[in-house]
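Trainee: this is a predicted model, with the sequence first.
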Amino acid sequence: MLDIKFVRENPEIVKQNIRNKFQDEKLPLVDEVIELDKTIRAYKQEIESFRMKRNELSKQIGLLMREKKISEAEKVKEEVSNGNKRIEELEPKLEVLQKDLYEKMLIIPNIIDKTVPLGKDDTENVEIEKFGEPTVPDYEIPYHADIISKLNGLDKDAAARTSGNGFYYLIGDIARLHSAMLSYARDFMIDKGFTYAIPPFMIHSDVVNGVMSFAEMENMMYKIEGEDLYLIGTSEHSMIGRFKGQIVKEESLPITLTSYSPCFRKEVGAHGIEERGIYRVHQFEKQEMIVLCKPEESMDWYNKMWSYTVEFFRSLDVPVRTLECCSGDLADLKVKSCDVEAWSPRQKKYFEVGSCSTLGDAQARRLQIRSKNEDGTYLLHTLNNTVLATPRGLIAVIENNYNSDGSINIPKALQPYMGGKSVIK
């Protein structure tokens, strides 16, 4: 969410940013919030002016009463009474206007970084760099669900009976490989100096509204019936929410955390749920990285964070590339974002396995996460990035380590987490 003062002073910048995100239907919001803000400030000024005057009038009444000037005192009392009535009239109007302003401000997108390429949707995202040589073996690589099923590692039929489409059972060595990847991801980030955390898996609606847009929430999150609780779609939600309303000591910055959680998503929209495989599902597990830092440090951290994901997948013998998200593909709170995509030798193309984003002070403004220095308090910048989301990451490892006899080589980095095993047969 933008600062209303910034919108008031830079309406054309805000409007051009909306155009750059191809959201022209939101352009009228800029003038609307400026008018609302103008009315709100006028009401506040009128209320504050009378409250200051009321103190003077009260003293005046006391003086007149002592001087037995009853009629004059009554006139002043009437002035106070009229002023109080005006405040009683304005305060509920002010509350409605402030709520309206807040809701409209939530819809206006954050100002994107000047380096973000302009484009309408994800088809116009821009490849930045490739890491590792994408290869296609001279033998066929089956669909990932077929590979896993032949190794007795997947049961979607039973999951459909217990839970419905979009769920799965992982069994045996495949389940162990899945867990090994998560354990390795945890230790990989701890070795980078990040503090490990396991957060709550459910959060209140005010935290949800603080970390994401309403449209994202509707399409992603499951609500607990009869409770003000939502299942998290990523641990970023509860990890950032941890600092809601806090003034963080500047000497503790930057805060660098890596968190594990299960994640739950409706996956409503064009993509839908994958019928056979486990690429797009309702439930998965994730190792995330989160950074809270000073504004001037956020872009440096952004570049460090996506590079960690690249390094992680390269250590598992998976070729990857980075893809710059264009303006139309950025969620409204994001300043800049890039995807890390893994090579699929079966499909002969890359697919997304992680996403790195800097949100500027948007989440911090909504949740009032601040720090303090000699110049006063300021909003922190927040960043998040996927270390590993799996079973999607599992698919990348399986395809890139698949042998012609149907076995899967276990990358060396994962072997200590697999009891020393080097291959799954």
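Mentor: Perfect, thanks for sending it. Numbering: from 1, shown residues only.

Trainee: let me know the helix or strand that Val116 is in.
Mentor: Counting by DSSP states H and E, there is no helix or strand that carries Val116.

Trainee: would you confirm that it contacts Lys336?
Mentor: Yes. Val116 lies in contact with Lys336 (C-beta atoms under 8 Å); the separation is 5.7 Å. All C-beta spots, glycine's among them, are computed from the backbone N, C-alpha and C.

Trainee: ok, then the element right after the helix or strand hosting Leu29?
Mentor: Per DSSP H and E: Leu29 is located in helix 27-66. Counting by DSSP H and E, the element after helix 27-66 in chain order, helix or strand, is helix 70-107.

Trainee: in that next one, what counts as buried?
Mentor: 73, 76-77, 79-80, 83, 87, 90, 94, 97, 101, 104-105 (16 or more other C-beta atoms under 10 Å).

Trainee: and the helix-or-strand element of the chain with minimal mean pLDDT, what's buried?
Mentor: Counting by mean pLDDT, DSSP states H and E, the chain has its least confident helix or strand at helix 214-220, which shows a mean of 73. Neighbour counts over helix 214-220 (16+ other C-beta under 10 Å) mark 217, 220 as buried.

Trainee: what's in contact with it?
Mentor: Contact with helix 214-220 is made by 106-107, 208-209, 212, 230, 233, 265-269, 331, as judged by C-beta atoms under 8 Å, 6 or more residues apart in numbering.

Trainee: which one of the residues you listed is nearest to Arg19?
Mentor: Ile107 (15.3 Å; C-beta to C-beta).

Trainee: need the residues touching each of Val116 and Lys336.
Mentor: Here Val116 and Lys336 have 325, 330 as joint contacts, going by C-beta under 8 Å, 6+ apart.

Trainee: about what we covered before: going through the contacts of helix 214-220, which ones are buried?
Mentor: 208-209, 212, 230, 233, 265-267, 331.

Trainee: can you list which of those are found in helices?
Mentor: 208-209 (DSSP state H).

Trainee: for the buried ones among the contacts of helix 214-220, give me a markdown table that also has pLDDT and distance to Asn400.
Mentor: What follows is those, written out as a markdown table (pLDDT from 0 to 100; distance: C-beta to C-beta, whole Å):
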| residue | pLDDT | distance to Asn400 |
| --- | --- | --- |
| Val208 | 93 | 36 |
| Asn209 | 90 | 39 |
| Met212 | 86 | 32 |
| Tyr230 | 94 | 35 |
| Gly233 | 92 | 27 |
| Arg265 | 91 | 25 |
| Lys266 | 89 | 30 |
| Glu267 | 77 | 25 |
| Ala331 | 92 | 29 |
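
Trainee: how about the buried ones among the contacts of helix 214-220 in TSV, adding distance to Thr135?
Mentor: Below are the buried ones among the contacts of helix 214-220 laid out as TSV (distance: C-beta to C-beta, whole Å):
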residue	distance to Thr135
Val208	42
Asn209	45
Met212	38
Tyr230	42
Gly233	34
Arg265	32
Lys266	36
Glu267	31
Ala331	34
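
Trainee: max pairwise distance over the buried ones among the contacts of helix 214-220: which two?
Mentor: Checking the buried ones among the contacts of helix 214-220 with C-beta to C-beta, the most distant pair is Asn209 and Glu267, at 20.9 Å.

Trainee: if we can go back for a sec, tabulate the contacts of helix 214-220 (CSV), appending distance to Gln23.
Mentor: Converted to CSV, the contacts of helix 214-220 look like this (distance: C-beta to C-beta, whole Å):
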residue, distance to Gln23
Leu106, 14
Ile107, 9
Val208, 22
Asn209, 19
Met212, 17
Tyr230, 25
Gly233, 22
Arg265, 23
Lys266, 23
Glu267, 23
Val268, 20
Gly269, 17
Ala331, 12
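
Trainee: what's the angle from the helix holding Leu29 to helix 70-107?
Mentor: 160 degrees (axes from the mean of the first three to the mean of the last three C-alpha atoms, to 10 degrees).

Trainee: name the helices or strands packed onto helix 27-66?
Mentor: helix 4-9, helix 11-20, helix 70-107 (3 or more C-beta pairs under 8 Å, 6 or more residues apart in numbering; DSSP states H and E).

Trainee: among those, which is nearest Thr358?
Mentor: Nearest to Thr358, of all these, is helix 11-20, at 15.7 Å by C-beta to C-beta.

Trainee: taking their axis directions, the closest one and helix 27-66 sit at what angle?
Mentor: Using the same axes, to 10 degrees: helix 11-20 against helix 27-66 is 140 degrees.

Trainee: can you pull the buried residues of helix 11-20?
Mentor: Applying 16+ other C-beta under 10 Å to helix 11-20 flags 14-15, 17-18, 20 as buried.

Trainee: who's in contact with it?
Mentor: Contacts of helix 11-20 (C-beta under 8 Å, 6+ apart): 2, 6-7, 24, 26-27, 30-31, 34, 108-109, 111-112, 118, 327.

Trainee: any idea how far Gly62 is from the residue of the chain most remote from its centre?
Mentor: Residue farthest from the centre of the chain, counting by C-alpha atoms, centre = their mean, is Lys68 at 66.5 Å. Lys68 sits 12 Å away from Gly62, going by C-beta to C-beta, to the nearest Å.

Trainee: over to Ile128?
Mentor: Ile128 is 73 Å from Gly62, where distance means C-beta to C-beta.

Trainee: hang on, the earlier thing: quick check, nearest of the contacts of helix 214-220 to Tyr279?
Mentor: Glu267 (10.7 Å).

Trainee: so the closest one touches Tyr279, yeah?
Mentor: No. Counting by C-beta under 8 Å, Tyr279 is not a contact partner of Glu267; they are 10.7 Å apart.

Trainee: report the buried residues of the helix or strand hosting Tyr260.
Mentor: Tyr260 is located in strand 255-264, with elements delineated by DSSP H and E. Residues 255-261, 263-264 are the ones in strand 255-264 that count as buried (16+ other C-beta under 10 Å).
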